[in-house]
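Enquirer: Coordinates only, no sequence provided:
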Ligand SMILES: [Zn+2]
C-alpha cells in the first residue's frame, strides 16, 4: 500500500499537532501546503504579498484548529482547503467580524469530535488516493472544466467562453466529472454497506 | 421535500469560494435546508483539496516558516468554522428588521445588500398568493431560494428550500401559489432586461 503516503502523512501530522502540539509535524505540513496555498490565492487574484500573509495565517489557523480535524469527514487536504477558502472569502467580503457575530460556529463537544484514530487517518488517506487516481483518469475536457471552476477568477457565464463551448456544455462536463469523483470518494461506504 | 437543487457548476464554484457573496448567501440558505447538497459540497471540497495538492508551489518568503513558527504561541484571532452551511442557521431570523417596500400589487422587496463590485445584489422578495411577476429576462446569473410559501414559473413549482438558478439564456414567469405569501431570497448579477415587466417595475425602484 504505497499510494496514500502523502495523504497519510498529512493526517498523521495533523494528529501529532492536535495531540502533542508537535512543531516538527507543523513545519513539515507547512512546507507541503503553504507554497500551494499561496499559489491558489495568487490564482484567485490576490496580490502576492497578501497571498503570502494569508498562506501563513491559514497555516496558523491549521495549528490552532488541528483538534477539530475529523478524518471521517474530510481528507487533510480538503480540510485545509476549506480553511483557506473561508479566510479568502472573509477577506474579499471584508465582513469577517459581522459574519461571526451573526453566525457563530456551533459548539464542538468532545463526544462529537473523537480524537482521530490511526484507522480513520488511513481510511481518509485511502479515500484521498482514490480521488487523486480518479482525477488523473478524467478526460482532458472534464479536467479543464474543473480547473476553470476551481482556479480561474471568471464569472459563471464566462466559463463557457473561456473553453470555447456553450455554458451548458461546461455544466455537463462538470456533472460528469463530479459523478466519477463522488463514486471514487464513496467507495469505502459501499464496502461498509451490507 | 426539496426538489430543485443548484447545478454542479454552481456548487463547485461555491466550494471554491468563487461566487459573488450574494449568490453564496442564497446557496448557503439552500445548503442549510438540504442534506443532499451538503454531501455534494463535501465532495466538492475534497476535490478542491486534491486539486490544491496538484498546484505548482509558489515561492515563499525565505523567512516564512520561521516567521510562522514564531507566531504559534500567540493567541489567534477568532475564525469562522470550516463548513459554510453551519454558519447559516436561519437567514430570516438573522436579517435586521427593515421595512418591506411595495413595488406592485401583492409584491414587495427588501434590499439586503446593494450592488457590489461584482455587479451583484441581494434582495428578499415577498409575493402574495396568486400575484405574479410577468416574464423577465436576465443579463447575468440569478439565484433564488424559497424561504416560505411556494411559487411556480410555468415549468415547475418551487416550495420551501427549493433553489432556482437562471443565466442569461433563460426567462421565467414566477407566480406565487395559494397558501401564504411566498418569500424568496434572491441574488442577481447584472441588470434585468428592460423590456420585461419586472425590469420595468423594479428598475426605477431598485436601480436594476
Ligand atoms: Zn439541494
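Expert: Now that the structure is in, tell me what you want to look at. What you are looking at is a predicted structure, and each value in this text was computed from that prediction instead of being measured.

Enquirer: quick check: longest helix of chain B.
Expert: Counting residues, the longest helix found in chain B (DSSP state H) is helix B:35-54.

Enquirer: where's the helix or strand just after that helix relative to the chain centroid, distance-wise?
Expert: With elements assigned by DSSP states H and E, the helix or strand that comes after helix B:35-54 is helix B:64-70. Chain-centre distance of helix B:64-70: 38 Å, with C-alpha atoms, centre = their mean, to the nearest Å.

Enquirer: Okay, buried residues for helix B:64-70 please.
Expert: Residues B:64-65, B:68-69 are the ones in helix B:64-70 that count as buried (16 or more other C-beta atoms under 10 Å in any protein chain shown). Bear in mind the C-beta positions are built from the backbone N, C-alpha and C, glycine included.

Enquirer: didn't residue A:23 look like it was pressed against residue B:69?
Expert: Yes: contact criterion C-beta atoms under 8 Å: residue A:23 and residue B:69 qualify, at 6.5 Å.

Enquirer: And the strands in chain B, which stretches?
Expert: Here chain B has its strands, by DSSP state E, at B:101-104, B:107-113, B:120-127, B:136-137, B:142-148, B:151-152, B:157-158, B:163-166, B:171-172, B:175-176, B:182-189.

Enquirer: mean pLDDT lowest for which of these?
Expert: For those, mean pLDDT drops lowest on strand B:171-172, to a mean of 52.

Enquirer: Can you list the buried residues in the longest helix of chain B?
Expert: B:37-38, B:40-53.

Enquirer: What confidence value was assigned to the spatially most central residue of chain B?
Expert: Central residue of chain B (C-alpha atoms, centre = their mean): residue B:26, 2.2 Å from the mean position. At residue B:26, the pLDDT value in this model is 92.

Enquirer: ok, now residue B:98?
Expert: You'll see residue B:98 listed with a pLDDT of 67.

Enquirer: if we can go back for a sec, any idea which of the buried residues of helix B:35-54 is closest to residue A:131?
Expert: residue B:50 (4.9 Å; C-beta to C-beta).

Enquirer: any weak-confidence spans in the chain?
Expert: You didn't say which chain, so I picked chain A. A:1-4, A:94-117, A:153-157, A:189-194 (pLDDT under 70).

Enquirer: actually chain B
Expert: In chain B, residues with pLDDT under 70: B:76-98, B:132-139, B:167-174, B:191-208.

Enquirer: got the residues of it near the ion?
Expert: For chain B, the residues in contact with the ion (C-beta under 5 Å from the ion) are B:5, B:34, B:37.

Enquirer: Next up, the contacts around the first one.
Expert: Residues touching residue B:5, when contacts are defined by C-beta atoms under 8 Å, 6 or more residues apart in numbering or on different chains, comprise B:30, B:34, B:36-37, B:163.

Enquirer: Taking these together, which two end up most distant?
Expert: It's B:36 and B:163 that sit farthest apart of those, by C-beta to C-beta, at 11.2 Å.

Enquirer: Now the common contact residues for those two.
Expert: Residues touching both residue B:36 and residue B:163 by C-beta under 8 Å, 6+ apart: B:2, B:5.

Enquirer: element containing the residue most central in space within chain A?
Expert: In chain A, the C-alpha nearest the mean C-alpha coordinate belongs to residue A:78, at 2.3 Å (C-alpha atoms, centre = their mean). Taking DSSP H and E as the criterion, residue A:78 maps to helix A:76-93.

Enquirer: what inclination does that helix have with respect to strand B:107-113?
Expert: 100 degrees (axes from the mean of the first three to the mean of the last three C-alpha atoms, to 10 degrees).

Enquirer: Report the buried residues of helix A:76-93.
Expert: Quick answer for helix A:76-93 (16+ other C-beta under 10 Å): A:76-92.

Enquirer: Residue B:56 - nearest residue in space that isn't next to it in sequence?
Expert: Leaving aside its sequence neighbours, residue B:56 sits nearest to residue A:39 (C-beta to C-beta, 6 or more residues apart in numbering or on different chains; 6.2 Å).
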